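Student: Take a look and give me a structure for this.
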Amino acid sequence: MPLPSMKDQFAALIAAPSVSCTQPALDQSNRAVIDLLASWLGDLGFACEIQQVLPGKFNLLATFGSGPGGLVLAGHSDTVPFDGALWQTDPLKLTEVDGRWVGLGSCDMKGFFALAIEAIQPLLDKPFKQPLMILATCDEESSMSGARALAEAGRPLGRAAVIGEPTGLRPIRLHKGIMMDRIDILGRSGHSSDPSLGHSALEAMHDAITELKGLRQQWQREYNNPQFGVPHPTMNFGCIHGGDNPNRICGQCSLEFDLRPLPGMDPQILRAAIMTKLQPLAELHQVKIDYAPLFPEVPPFEQAADAELVRIAERLTGHSAEAVAFGTEAPYLQRLGCETIVLGPGDIACAHQPGEYLEMSRLEPTVRLLRQLVEHYCLSPA
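Tutor: The predicted model follows:
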């Protein structure tokens, strides 16, 4: 039975809901997307391995050919949540609007798999000297549990990996890391008329934020990379909660913040520096301070400028490799021994937005580019 057309595959992937979210009420399984891909790739002769990462969450590794080396075309099978009322079209239906394919996951990034399958089909009757792998992961939009599971298993993949996240078909070889952390301070409440009756968690948090701001200034002086649009590490105080009434000494206060380190900055060293600043405050204010990550960090990513994959991608796209501020699964694939870049047809500006789309003018250039990469790494490797 012939495979569906590229457009029909694209539409089927979008129609299979696969929201990944930290809120359980919104979180969904990605199994339907994995099963579609495994069915199509299995029909093309790929050996398909489905790995359960968590209940309802799966990775797919589909392999054509055998041996060491080869190429990995990688992406995530999940999407962010959506508010259907803000969409002009059905988010789970592929709709053509003004030269764009609109739908949830069209840009970020389920649509990439349909383009990859279109690219490889004419090559499958040729002798593969090194294998081609199609990797689809789960939960990239929340915990990155799929990519983490691969990295922790430690099984080598290919010689090179291309992640089809939205980059406007420009190769990306650097991105910042992502750390989302929390500080909980437990003081002692009391009547506000007599400060000696309690220990204010809010005043302790005030000093904690002052220390964090000092570290932010220090790190921004010490680390700078002009390849990024924002060339220094950032720290954002995202939300704070504490206390319950003006006439009570604040007994509890919590802060959640986001830190985006540059390549070369080790998240563990950054957390140790933060802890060193917080510990004296607990004694000074006679409070308990608990500091921990909200999620495991996504490390910063950097692929060497002179790597073979970077040079090939620059030649094929006509663009020098760049840096982006958003995080991807690249550091996890790199940990498995792959030269890695991020390179896909979508535009990050419309990702995570109502009306997410992929320009139809990018379809054929993406198919051509992926076909050239497969030919280089799998059909005619040096």
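Student: For this structure, give me the ranges with low pLDDT.
Tutor: 381-382 (pLDDT under 70).
Student: Just the buried residues of the lengthiest helix in it, please?
Tutor: Longest helix of the chain, by residue count under DSSP state H: helix 201-222. Neighbour-count burial for helix 201-222, counted by 16 or more other Cβ atoms under 10 Å, picks out 201-205, 207-208, 211-212, 215-216, 219. (Glycine included, C-beta is placed from N, CA and C.)
Student: Could you give the separation of it from the chain centroid?
Tutor: 27 Å (Cα atoms, centre = their mean, to the nearest Å).
Student: What is it packed up against?
Tutor: strand 179-186, strand 234-242, strand 252-260, helix 267-285 (3 or more Cβ pairs under 8 Å, 6 or more residues apart in numbering; DSSP states H and E).
Student: Name the residues that touch that helix?
Tutor: 183, 185-187, 232-235, 237, 240, 242-243, 250-253, 255, 257, 265, 270, 273-274, 277-278, 281-282, 284-285, 287, 289 (Cβ atoms under 8 Å, 6 or more residues apart in numbering).
Student: If any of those are buried, give me the ChimeraX selection for them.
Tutor: Burial among those is assessed by 16+ other Cβ under 10 Å; the matching ChimeraX selection reads:
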select :183,185,186,187,232,233,234,235,242,243,250,251,252,253,255,257,265,270,274,277,278,281,282,285,287,289
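Student: Next, please give the residue ranges for the strands of the stretch 1-150 of the chain.
Tutor: Applying DSSP state E, counting those that start in this stretch to the stretch 1-150 of the chain gives strands spanning 47-54, 57-64, 71-76, 95-97, 100-102, 132-137.
Student: Of the ones you listed, flag the one that's most buried.
Tutor: strand 71-76 (a mean of 28; mean count of other Cβ atoms under 10 Å).
Student: Using CSV, write down the CA coordinates of stretch 275-283.
Tutor: Taking Å, rounded to 0.1, in the frame of the first residue of the first chain, the C-alpha atoms of stretch 275-283 are listed here in CSV:
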residue,chain,number,x,y,z
MET,A,275,23.8,28.3,47.3
THR,A,276,26.9,30.0,48.8
LYS,A,277,25.1,33.3,48.7
LEU,A,278,21.9,32.0,50.3
GLN,A,279,23.4,30.0,53.2
PRO,A,280,24.5,33.1,55.3
LEU,A,281,21.0,34.7,54.8
ALA,A,282,19.3,31.7,56.6
GLU,A,283,21.5,32.3,59.7
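Student: Tell me how far that stretch lies from the chain's centre.
Tutor: 32 Å.
Student: And for stretch 336-351?
Tutor: For stretch 336-351, the distance to the chain centre is 9 Å (Cα atoms, centre = their mean).
Student: in that stretch, what's buried?
Tutor: Buried, per 16+ other Cβ under 10 Å, within stretch 336-351: 336, 338-348, 350-351.
Student: Save the residues you listed as JSON lines, and put in secondary structure too.
Tutor: Formatted as JSON lines, the buried residues of stretch 336-351 follow (DSSP: H, G, I helix; E, B strand; the rest coil):
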{"residue": "Leu336", "secondary structure": "coil"}
{"residue": "Cys338", "secondary structure": "coil"}
{"residue": "Glu339", "secondary structure": "strand"}
{"residue": "Thr340", "secondary structure": "strand"}
{"residue": "Ile341", "secondary structure": "strand"}
{"residue": "Val342", "secondary structure": "strand"}
{"residue": "Leu343", "secondary structure": "coil"}
{"residue": "Gly344", "secondary structure": "coil"}
{"residue": "Pro345", "secondary structure": "coil"}
{"residue": "Gly346", "secondary structure": "coil"}
{"residue": "Asp347", "secondary structure": "coil"}
{"residue": "Ile348", "secondary structure": "helix"}
{"residue": "Cys350", "secondary structure": "helix"}
{"residue": "Ala351", "secondary structure": "coil"}
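Student: Now do the same contact list for the most centrally placed residue in the chain.
Tutor: For the chain, the residue nearest the mean C-alpha position is Thr328 (3.3 Å; Cα atoms, centre = their mean). By Cβ under 8 Å, 6+ apart, the contact list for Thr328 reads 140, 163, 165, 175, 298, 301, 342.
Student: returning to what we had before: tell me which of the buried residues of helix 201-222 is nearest to Ala313?
Tutor: Nearest to Ala313 among the buried residues of helix 201-222 is Trp219, at 30.7 Å by Cβ to Cβ.
Student: Run a quick check on Gly69 versus His376, I expect a contact.
Tutor: No - between Gly69 and His376 there is no contact under Cβ atoms under 8 Å: 11.6 Å.
Student: and Thr317, how far is that from Ile172?
Tutor: Applying Cβ to Cβ, to the nearest Å, the value for Thr317 to Ile172 is 11 Å.
Student: which residues touch Gln372?
Tutor: Counted by Cβ under 8 Å, 6+ apart, Gln372 has contacts Leu316.
Student: Just send the helices and strands packed on helix 201-222 back as JSON lines, with distance to Leu3 too.
Tutor: Converted to JSON lines, those look like this (distance: least, Cβ to Cβ, whole Å):
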{"stretch": "strand 179-186", "distance to Leu3": "40"}
{"stretch": "strand 234-242", "distance to Leu3": "44"}
{"stretch": "strand 252-260", "distance to Leu3": "41"}
{"stretch": "helix 267-285", "distance to Leu3": "42"}
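Student: For Ala305, find the nearest of the ones you listed.
Tutor: It's strand 252-260; of the helices and strands packed on helix 201-222, that one is closest to Ala305 (Cβ to Cβ) at 21.4 Å.
Student: which strands and helices sit next to that closest one?
Tutor: By 3+ Cβ pairs under 8 Å, 6+ apart, strand 252-260 packs against strand 179-186, helix 201-222, strand 234-242.
Student: Select, out of those, the one closest to Pro293.
Tutor: So among the helices and strands packed on strand 252-260, strand 179-186 is nearest, using Cβ to Cβ, at 5.2 Å.
Student: Can you list the strands that the closest one pairs with?
Tutor: strand 252-260 (antiparallel), strand 288-293 (antiparallel) (DSSP bridges).
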